[in-house]
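Q: Build the 3D model from these lines:
(one chain, ligands or ions: 2)
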Amino acid sequence: MSNSDAKPMVNILGLMTGSSADGLDLCLVNFTGEGRDPDFEVLFSHEIPYPRQFQLCFRNPLELNDEEIAELDNKLGIWFANEINKLDLKIDFIASHGQTIKHEPPHFTLQIGNPQYMAEAIQCPVIYDFRTADLEQGGQGAPLIPIVDQYLLQQDNSDVLALNIGGIANLTIVPGQHNSAPLLAWDTGPGNTLIDKAVRLFSHDILNYDEGGDLAAQGKINHKLLDELLKHEFYQRTPPRSAGQEQFGKTYFQHILKQFNPRNDQEFKDLIHTLTVLTAKTITGSIHTLSTDYSPTAMFVGGGGAFNKMLMNLLRAELPSIDIVEMDLSGVNQSNKEAFGFAYLGYLYINGLTANLPGVTGAGKAVTLGKLYQPQSG
Ligand SMILES: Nc1ncnc2c1ncn2[C@@H]1O[C@H](COP(=O)(O)OP(=O)(O)O)[C@@H](O)[C@H]1O
Ligand SMILES: [Mg+2]
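A: Ligands and ions are numbered 1, 2, ... in the order given. Predicted coordinates for the structure are as follows:
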């Protein structure tokens, strides 16, 4: 950070590794100024696919034992450090979400990717473990991106929605400055996670996801299955609520296959179609429950699911009065938004500013989020 009369400046590299276990998203952001509303410039964004071993381990993290988790914590930390080193960036701080292994709020959450290796290799402090401090206040430790949505998207007079479709889908309602109603956010349910699982089973692991939603588009809906899946108790929960592999992981997918076990290509496409409709319906269902205090006119969509045309078309068909656009604002787009978000959460940490929204996570109070790992050797 510079210390002159000029406004303070800091370069923070945000790292996101989401539940889809597809890879590492990086976003280097220059923040200029102080307080919650600094100016920013996105300097660099990149996505690095996980090596196959990480993909396989992190897709079903609940199957890992303690020894494997400890080993992967180091291996992933070393991989992060090596990959970042290759990029030769000017970094003051790294803010790393880490790979979620377990998320059992309000008792326990674990993200791995040992920060020590990055701190030593890049010679900069690393902020990590962003969720525990919220859990310690009785919160869900999630979602954490809503404060970023507020920073990026809040308008004066109109309310906007921010939707992220990763493995899990998260929705934020950012009220306009002049609307006294609170900001709301919660996990709506599965994003891509069930679709990905069906596509992998269909393709014998050749395909990782339904590119563009093409397979779903060739299928038809199975109403009986959809009606059954919509009965999941998660959709009835009142927020705060957050989801993960505990709710929509391998065990749940096996439960789905017991209800409908596809026997041929067409039936697989029907399954993929129906799971895509499930994701769309649980997102739009959440939006339909909003009170009349909110009248959103636009929804900014981020995460890999924004590339699924069938899913986006279903959202547009169900929400005709809302302008649904792919996130693309001042260098922040559907691919780097969450990594950008962690850079901003890192910025809040180093400025000693609180980052959780108790109304969203259910925490008793707002606190600073994250821990700091300083390089030990120079
Ligand atoms: N071109 C695409 N077409 C359809 N789906 C895609 C495409 N690209 C990515 N996705 C979906 O997005 C997921 C990754 O999204 P991401 O935002 O990285 O999620 P996470 O935060 O859970 O890692 C993939 O697993 C896949 O389901
Ligand atoms: Mg990802």
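Q: Report the contact partners of the nearest residue to residue 73 once chain neighbours are set aside.
A: In space, residue 73 comes closest to residue 112 once its chain neighbours are excluded; the distance is 4.1 Å by Cβ to Cβ, 6 or more residues apart in numbering. C-betas here are computed from N, CA, C, even on glycine. Neighbour list for residue 112: 69, 72, 73, 76, 77, 98, 99, 101 [criterion: Cβ atoms under 8 Å, 6 or more residues apart in numbering].
Q: And the contacts of the helix or strand that contains the third one?
A: It refers to residue 73. Assigned by DSSP states H and E, residue 73 belongs to helix 66-87. Applying Cβ under 8 Å, 6+ apart, the contact partners of helix 66-87 are 13, 15, 24, 26, 44, 46, 48, 51, 54, 57, 64, 91, 94, 96, 98-99, 101, 110, 112-118, 120-122.
Q: Next one, pLDDT for residue 2 please.
A: Looking at residue 2, its pLDDT is 46.
Q: now swap in residue 6 and tell me
A: pLDDT, residue 6: 83.
Q: you'd agree it is in a strand?
A: No. Counting by DSSP: H, G, I helix; E, B strand; the rest coil, residue 6 is not part of a strand but coil.
Q: tally of neighbours for it?
A: Residue 6: 8 surrounding residues under other Cβ atoms under 10 Å.
Q: before we move on, back to that, whichever of the contacts of helix 66-87 end up buried, select them in PyMOL.
A: To isolate the buried members of these in PyMOL, using 16 or more other Cβ atoms under 10 Å:
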select buried, resi 13+15+24+26+44+46+48+54+57+64+91+94+96+98+99+101+110+112+113+114+115+116+117+118+120+121+122
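Q: Cross the contacts of helix 66-87 against helices and list the overlap.
A: Applying DSSP state H to these, the entries found in helices are 54, 57, 115, 116, 117, 118, 120, 121, 122.
Q: circling back to that earlier point, quick check: the farthest pair among the contacts of residue 112?
A: For the contacts of residue 112, the maximum inter-member distance is 13.4 Å, found between 77 and 101 (Cβ to Cβ).
Q: quick one: terminal-to-terminal distance for stretch 180-191?
A: 30 Å (Cα to Cα, to the nearest Å).
Q: and this protein, which of its residues are near ligand 2?
A: Within the chain, the positions adjacent to ligand 2 are 18, 20, 22 by Cβ under 5 Å from the ion.
Q: Among the residues you listed, find me the one that's closest to residue 302.
A: Closest to residue 302 out of these is residue 18 (11.1 Å), distances taken as Cβ to Cβ.
Q: How about the closest one, nearest residue that isn't a chain neighbour?
A: Residue nearest to residue 18 in three dimensions, not counting chain neighbours: residue 166, with 4.4 Å by Cβ to Cβ, 6+ apart.
Q: can you check residue 163 too?
A: With Cβ to Cβ, 6+ apart, the residue lying closest to residue 163 is residue 301, at 4.8 Å.
Q: same deal with residue 349?
A: Leaving aside its sequence neighbours, residue 349 sits nearest to residue 370 (Cβ to Cβ, 6+ apart; 4.2 Å).
Q: Pick out the residue of this protein closest to ligand 2.
A: Nearest to ligand 2, among the residues of the chain, is residue 18, at 3.8 Å (Cβ to the ion).
Q: Can you classify that residue by secondary structure?
A: Residue 18 - assigned by three-state DSSP - is coil.
Q: show me what contacts it?
A: 25, 166, 167, 303, 338.
Q: So it versus ligand 1, what's the distance?
A: 2 Å (Cβ to the nearest ligand atom, to the nearest Å).
Q: ok, how many other residues are close to the residue lying closest to residue 119 once chain neighbours are set aside?
A: Distance criterion Cβ to Cβ, 6+ apart; nearest residue to residue 119, sequence neighbours excluded, is residue 375 at 4.3 Å. Around residue 375 there are 16 other residues, counting by other Cβ under 10 Å.
Q: How about residue 288?
A: Neighbours of residue 288 (other Cβ under 10 Å): 10.
Q: now residue 309
A: Using other Cβ under 10 Å, residue 309 has 15 other residues around it.
Q: which parts of the chain sit against ligand 1?
A: Remark: the part of the chain in contact with ligand 1 comprises 18-20, 22, 166-167, 192, 196, 209-213, 303-305, 307-308, 338, using Cβ under 6 Å from any ligand atom.
Q: Mind giving me the PyMOL select for those, buried ones only?
A: Under the burial definition 16+ other Cβ under 10 Å, those of the residues of the chain next to ligand 1 that qualify are selected in PyMOL by:
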select buried, resi 18+19+20+22+166+167+192+196+209+210+213+303+304+305+307+308+338
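Q: Filter the residues of the chain next to ligand 1 down to the ones in helices?
A: Using DSSP H, the subset of these located in helices is 196, 338.
Q: and residue 320, that one's in a helix?
A: No. Per three-state DSSP, residue 320 lies outside any helix segment and is coil.
Q: Local confidence estimate at it?
A: 97.
Q: swap in the one 5 residues further on?
A: Note for residue 325: predicted pLDDT of 96.
Q: which SS state does residue 138 fall under?
A: coil.
Q: pLDDT wise, what is it at?
A: Per the predicted model, pLDDT is 97 at residue 138.
Q: Begin at 14 from now on, thanks
A: Taking 14 as the first residue, the last one we looked at is residue 151.
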